[in-house]
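# fold the stuff below for me.
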Amino acid sequence: MKLDDAYMDRIEQELFARTMVKKAEGTKVVGVYCAFTPRELIVAAGGIPVALCASSNDAILVAEQHLPRNFCPLVKSSYGLALSDTCPYFHFSDLLVADSTCEGKRKMYEILSRIKPVHQLGLPQTADGEQALQIWVDELYRLRALLEDQTGSQIADQNLRDAIKQYNRIRELITATYALNKGEVPLLSGCEASIAVDPIGFEVDLPSFIQRMEQVIEWAKKRGGLKPRPRILLTGCPTTCKKVLEIIEESAWVVAMENCGGLKTVNIVEEDEEPMVALARATLKIACPCMTPNRLRFELLAQLADEYQVDGVVDLTWQACHPFNIESYSLGRFIQDEVGIPFLQIETDYSETDRSWLQVRIEAFVEMLMPLQRKQAAGL
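The predicted structure is shown next:
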C-alpha cells in the first residue's frame, strides 16, 4: 500500500463506477458543502452524499465572471466548477444541501441555485443553549422532509440509527488514524493522513470506506515510524488545496489536523438519544469560527497540542475567509500566551504564485522550532 495520488485515483474510479450504477437505478446523489450537514440523513433516505468543496485553481477564473476577485478561493473554485460543469461530483448531483456558514457561501448559493436546486440550512449564530439547539433541530427536520420528498423514501428511525452507527465508526477510525501520531515517533505524514481520512468523492459504500481505513491503520503500524522532525498541528480552513500542507512537510511533520474534515468534525453522535436531536447536538459541537463565541475551537486546540506533543501550530486561512482570518488574532494570542507554543498564520489562495514566499516563511518557523525540540528532548 502507498497513500499517494495513484491510490486516490483508483478508489475514486471505483466509487464513481458504483455511483453511476446506483444512479441509473434511480438513487439520488446529494451534494454537500460543509460538515454541518448530517450525511446520516442522506444515507437513511437512500441517497448518496458527495462533498463539493473544490480545490481547482483553474476553476477560479471561470467563477470570477460572476464573483469578485477578492473573494474566498474555496467558494470561487466550488462555483467555478459548477458554472463550467467540469466536476463529475457536481454534474451528477440531483440536489445541493448548503450550510449557511459564512456570508460568502450564503450569497454564492443564491446564484448557484440558477444551475441546480439548492437547499440552504440556516445555522444558528451560536452553538450555546437550548434555543440554538432547537433552531438547528427544526432545520434538520426540514431537511429530512425535503430528502424524503426528493428520494421518494421515508426515513425510518431505524435506518437513521443504522446510518449514525456507520458514521460513528468512521469518526472513530478518523480519530484512530490521527492517533497513530500521538507517540514519540509519528506513523503517518500529514499528507498520508489526509488521504486516509478523505472519503474521496461519492460516499456510495460506507462499509468499504471503513474497511480501507482499517487497512491503512494496520499498514501504518507495520511500516513503523517516520524520521524525527518538528511536530506541527495544522488548524484553520479546509485543506482543499494541499499547497501549505505539502510545504510544511518539506521540513516538518503535520501530526494532527484540526481543519474542517479533520479532528474538529469527529464528534460522536449519541446512539441512545432521539436521533434527530442527537445529530443536531453533535454537529453543533463542530468548532467552526462561524459560531460566536467559538470557545470550543480554543479548547480543542489546547487539548490536541498536548496529546500530540506538538512543537508549533500553523493556522491556514484562505484569503477573504473573514471568520477564520479574524479569529486568527485571538487564536494566536491564546496558543502563544496560554498554551505556550509558537504560532504561525498563513494567509494564501489556491495559486502557486506565492509558493516560494510561503516556503521561506514556513522554513523559518520550523527552524525556530528545532532548538525548542532539542531542549524538550533533553528535558530542559
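
# ends of stretch 197-206, how far apart?
End-to-end distance for stretch 197-206: 13 Å, by C-alpha to C-alpha, to the nearest Å.

# if you could redo that for stretch 105-122, that was the one I meant.
End-to-end for stretch 105-122, by C-alpha to C-alpha: 12 Å.

# and for stretch 94-108?
18 Å.

# quick one, strands of this protein?
With DSSP state E as the criterion, the chain has strands at 29-32, 48-51, 95-99, 118-121, 231-236, 253-257, 312-318, 343-348.

# redo these as JSON lines? Include distance to residue 161 and mean neighbour count.
All C-beta atoms are positioned from the backbone trio N, CA, C, and that covers glycine. What follows is the strands of the chain, written out as JSON lines (distance: least, C-beta to C-beta, whole Å; neighbours: other C-beta atoms under 10 Å):
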{"stretch": "strand 29-32", "distance to residue 161": "20", "mean neighbour count": "25"}
{"stretch": "strand 48-51", "distance to residue 161": "17", "mean neighbour count": "24"}
{"stretch": "strand 95-99", "distance to residue 161": "21", "mean neighbour count": "23"}
{"stretch": "strand 118-121", "distance to residue 161": "22", "mean neighbour count": "18"}
{"stretch": "strand 231-236", "distance to residue 161": "33", "mean neighbour count": "26"}
{"stretch": "strand 253-257", "distance to residue 161": "29", "mean neighbour count": "27"}
{"stretch": "strand 312-318", "distance to residue 161": "36", "mean neighbour count": "24"}
{"stretch": "strand 343-348", "distance to residue 161": "41", "mean neighbour count": "20"}
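
# to residue 81, which of those strands lies closest?
Across the strands of the chain, residue 81 has its closest neighbour in strand 29-32 (10.9 Å, C-beta to C-beta).

# now the closest one - C-alpha only, PDB.
Taking C-alpha atoms only, strand 29-32 is exported to PDB below (Å, rounded to 0.1, in the frame of the first residue of the first chain):
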ATOM      1  CA  VAL A  29     -27.000  12.000  -5.400                       C
ATOM      2  CA  VAL A  30     -26.900  14.800  -2.900                       C
ATOM      3  CA  GLY A  31     -24.100  17.400  -3.000                       C
ATOM      4  CA  VAL A  32     -23.000  18.900   0.400                       C
END
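
# for it, which outside residues touch it?
19, 23, 39, 42, 47-52, 89-90, 92-99, 116, 147, 150, 202 (C-beta atoms under 8 Å, 6 or more residues apart in numbering).

# any idea how far residue 351 is from residue 323?
22 Å (C-beta to C-beta, to the nearest Å).

# my bad, should have said residue 205
For residue 205 relative to residue 351 (C-beta to C-beta), the value is 35 Å.

# so those two - more neighbours on which side?
residue 205 (17 against 13; other C-beta atoms under 10 Å).

# what sits against the nearest residue to that one once chain neighbours are set aside?
With C-beta to C-beta, 6 or more residues apart in numbering as the criterion, residue 205 has its nearest non-adjacent residue at 6.0 Å, and that residue is residue 18. Shown in contact with residue 18 (C-beta under 8 Å, 6+ apart): 202, 204-205.

# ok, how many other residues are close to residue 273?
With other C-beta under 10 Å as criterion, residue 273 counts 14.

# residue contacts, it?
residue 281.

# before we move on, back to that, got a markdown table for the strands of the chain, with mean pLDDT and distance to residue 134 too?
Listed next are the strands of the chain as a markdown table, based on pLDDT from 0 to 100; distance: least, C-beta to C-beta, whole Å:
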| stretch | mean pLDDT | distance to residue 134 |
| --- | --- | --- |
| strand 29-32 | 96 | 23 |
| strand 48-51 | 95 | 25 |
| strand 95-99 | 95 | 18 |
| strand 118-121 | 96 | 15 |
| strand 231-236 | 98 | 30 |
| strand 253-257 | 98 | 32 |
| strand 312-318 | 97 | 32 |
| strand 343-348 | 98 | 36 |
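
# excluding its backbone neighbours, what's nearest residue 165?
Closest to residue 165 by C-beta to C-beta, 6+ apart is residue 271, at 6.3 Å.

# on that earlier part again, among the contacts of residue 18, which are located in helices?
Using DSSP state H, no member of these falls in helices.

# which one of the residues you listed is nearest residue 74?
Nearest to residue 74 among those, with distances taken as C-beta to C-beta, is residue 202, at 20.0 Å.

# hmm, that closest one is touching residue 20, no?
No. Counting by C-beta atoms under 8 Å, residue 202 does not reach residue 20; the two are 9.2 Å apart.

# okay, these two: which has more neighbours?
More crowded of residue 202 and residue 20, by other C-beta under 10 Å: residue 202, with 25 against 15.

# for residue 160, see how far away that one is.
20 Å.

# and for residue 288?
For residue 288 relative to residue 160 (C-beta to C-beta), the value is 24 Å.

# who are the contact partners of residue 76?
Here residue 76 is in contact with 59-60, 63-64, 67 (C-beta under 8 Å, 6+ apart).

# closest one to residue 343 out of those residues, please.
Distances from residue 343 to the contacts of residue 76, taken by C-beta to C-beta, are shortest for residue 60, at 28.6 Å.

# related to what we said a few turns ago, okay, the contacts of residue 18 in JSON lines with distance to residue 315 and pLDDT next?
Shown next, in JSON lines, are the contacts of residue 18 (distance: C-beta to C-beta, whole Å; pLDDT from 0 to 100):
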{"residue": "202", "distance to residue 315": "31", "pLDDT": "83"}
{"residue": "204", "distance to residue 315": "34", "pLDDT": "92"}
{"residue": "205", "distance to residue 315": "35", "pLDDT": "91"}
